[in-house]
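A.B. asks: Got a sequence here, can you model it:
(one chain, ligands or ions: 2)
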Amino acid sequence: MNTLLLPANEESIVQAARLMAQGEIVAIPTETVYGIAGSAFDGAAVKKIFEAKGRPQDNPLIVHVDSLARMEQVVQKITPRAEKLAKAFWPGPLSMILPRGPRLADEVCAGLDTVAVRMPSDPVAHRLVELSGLPFAAPSANRSGSPSPTTAQDVLADMDGRLPLILDGGACKVGVESTVINISGPQPVLLRPGYITQQQLAEALGEEVLLAGAITHKLKEGEIARSPGMKYKHYAPKANVVIVRGSFEQYAAYVEAHKAEGVFCLCFAGEPESLPVPCVTYGSENDPAAQAHDLFRALRELDEEGAKQVYARCPGQEGVALAVYNRLLRAAGFQVVEL
Ligand code: TXA
Ligand code: MG
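C.D. replies: Ligands and ions are numbered 1, 2, ... in the order given. Sure thing, here's the model as predicted:
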């Protein structure tokens, strides 16, 4: 298959909407990461998404809508909690899990009786739903296991020949995937941290929001993932990544002791000057939003530069930094050195 890469504009979005209505899949920008979109009502299209990604069939997709009226087509009903969250954070990088509606293709939910829904703020994603009249299912547009793409070139690197069209809307603003909250049970549970934080969610809901354990811990053998995506290897570059937790001085000493051919640092702005190996930076130490923005591109750049072994500076664990830490932990296969 020939993959076309076009700048995102009204004409190319019309083309994407037409392809989607014909049962095709297309890669598009969102404010979080690039996604592979297919009609959420079309099981055959959704199967194509799983194939293009090489994604395990038991990992459900997020459905994207442009309005609450469209949301009503995919959920059982819009609950008071959903209303509060939509009012506070939509359009924006938040996905909420609710009991699913009957019209959705079963493939979207991977056998679950719930669905994750979000209303993206990116104008391209928004217009695609509007023009096609179809809510679309969209996972991140990477091959399963590799870092999520935050530029159209990153999508092309993974998806060339696997889908007909990629819309280029420039670099994604947020850089990590949406926050995922389950509001289908007795208590709200944060399943995947993102730009919208646990504290912001609790404030908007006026009740406690629990944190799923799998956000910062490896699932034990036989333990059931609340969010199927959490049990898979994720975001991993080809290099072996190890997180090094400690002060910058301790980190620099550790790298000095382990420097060798193919060793790279994944560190913060301003630090490469003081480190004895090649470096790629991701944001600055006290700016978790900048870290989120840069992380996935930085992981891909390490591969492009031929890194074999990467020592990564450790982000914080509060607020937006928790989203960064969660992704980096998976990229590192949970390898953390405590200094
Ligand atoms: O920012 C995003 O959400 C991006 C862009 C493209 O919108 N999409 C995205 O999709 O990150 P994906 O498929 O890479 O991640 C979806 C996550 C997975 O961890 C999946 O297991 C979880 O959401 N998920 C989806 N539906 C679920 C459900 N019904 N119950 C529990 N977890 C669910
Ligand atoms: Mg993904």
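
A.B. asks: CA atoms for contacts and neighbours, from now on please.
C.D. replies: OK.

A.B. asks: quick one: the residue lying farthest from the centre of the chain from ligand 1, how far?
C.D. replies: Using C-alpha atoms, centre = their mean, the residue of the chain lying farthest from its centre is residue 257. It sits 34.2 Å away. Per C-alpha to the nearest ligand atom, to the nearest Å, residue 257 is found 37 Å from ligand 1.

A.B. asks: Per-residue pLDDT of that residue, please?
C.D. replies: pLDDT for residue 257: 98.

A.B. asks: Now name the helix or strand holding it.
C.D. replies: Using DSSP states H and E, residue 257 falls within helix 248-258.

A.B. asks: tell me which residues of that helix are tucked away?
C.D. replies: Neighbour-count burial for helix 248-258, with 16 or more other C-alpha atoms under 10 Å as criterion, is recorded at 248, 251, 252, 254, 255.

A.B. asks: Check stretch 177-193 too.
C.D. replies: Using 16+ other C-alpha under 10 Å as the test for burial, stretch 177-193 gives 177-184, 188-193.

A.B. asks: With stretch 118-138 instead?
C.D. replies: For stretch 118-138, a neighbour-count test (16+ other C-alpha under 10 Å) marks 118-122, 124-132, 134-138 as buried.

A.B. asks: Near ligand 1, which residues of this protein are found?
C.D. replies: 32-35, 59-62, 97, 109, 112, 114-116, 138-140, 177-178, 227-230 (C-alpha under 6 Å from any ligand atom).

A.B. asks: could you say which helix or strand contains the residue lying closest to residue 332 once chain neighbours are set aside?
C.D. replies: Leaving aside its chain neighbours, residue 332 sits nearest to residue 241 (4.5 Å; criterion: C-alpha to C-alpha, 6 or more residues apart in numbering). Assigned by DSSP H and E, residue 241 belongs to strand 240-245.

A.B. asks: picking that back up, identify those among the buried residues of stretch 177-193 that sit within strands.
C.D. replies: Assigned to strands by DSSP state E, the following of these qualify: 179, 180, 181, 182, 189, 190, 191, 192.

A.B. asks: Mind picking the two most distant members of those residues?
C.D. replies: Largest separation among these by C-alpha to C-alpha: 179 and 189, giving 11.0 Å.

A.B. asks: if I pick residue 274, what's in contact with it?
C.D. replies: Applying C-alpha atoms under 8 Å, 6 or more residues apart in numbering, we find residue 274 in contact with residue 252.

A.B. asks: now the strand holding residue 241: how far from the chain's centre is it?
C.D. replies: Chain-centre distance of strand 240-245: 21 Å, with C-alpha atoms, centre = their mean, to the nearest Å.

A.B. asks: contacts for it?
C.D. replies: Contact with strand 240-245 is made by 251, 308-314, 328-329, 331-339, as judged by C-alpha under 8 Å, 6+ apart.

A.B. asks: In helices only, show me those.
C.D. replies: Using DSSP state H to define helices, the subset of those located there is 251, 328, 329, 331.

A.B. asks: All good on my end, thank you.
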